[in-house]
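Peer 1: model this:
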Amino acid sequence: MRKQCQLEFAKDCLLYKDADNFLLNRKNMYKNMNDLLTKLNNKIILELPFYFNSWLSGFIEAEGNFSLVFNDKGHLRNSTFNIGPKDDLHVLKMILFYFQSEKNI
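Peer 2: Below you'll find the predicted structure:
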């Protein structure tokens, strides 16, 4: 979400190329983050971006992990997927969509 707010800030700076606008927008760069987050979290995921496979690989490497739990006889007892960030519900929904999971968040 931070990166999306930074992108919007950069777009504004390219549109309005004056120092006063830059200073005002820099101070308020993250002001609309909650509104953007709510809008994205309520969006229904129908299609993933073309870069999602690569992005997810890096995201899991940096922020998550898969765990397999075996019993004493070596049989798989449980499997889990964990990630750290929990604020961006839309990201979690995209991951569920990618893995075709029916689990609730």
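
Peer 1: mind listing the strands for this protein?
Peer 2: 64-70, 76-83 (DSSP state E).

Peer 1: Report how many residues lie close to residue 91.
Peer 2: Residue 91: 19 surrounding residues under other CB atoms under 10 Å. Placement of C-beta: from N, CA and C, glycine included.

Peer 1: Oh, that last question was meant for residue 48, not what I typed.
Peer 2: 14.

Peer 1: same deal with residue 23?
Peer 2: 10.

Peer 1: That one and residue 16, how far apart?
Peer 2: Residue 23 sits 12 Å away from residue 16, taking CB to CB, to the nearest Å as the criterion.

Peer 1: Low-confidence ranges, this protein, go.
Peer 2: Residue ranges of the chain with pLDDT under 70: 85-87.

Peer 1: so what's residue 9 closest to, chain neighbours aside?
Peer 2: residue 29 (4.6 Å; CB to CB, 6 or more residues apart in numbering).
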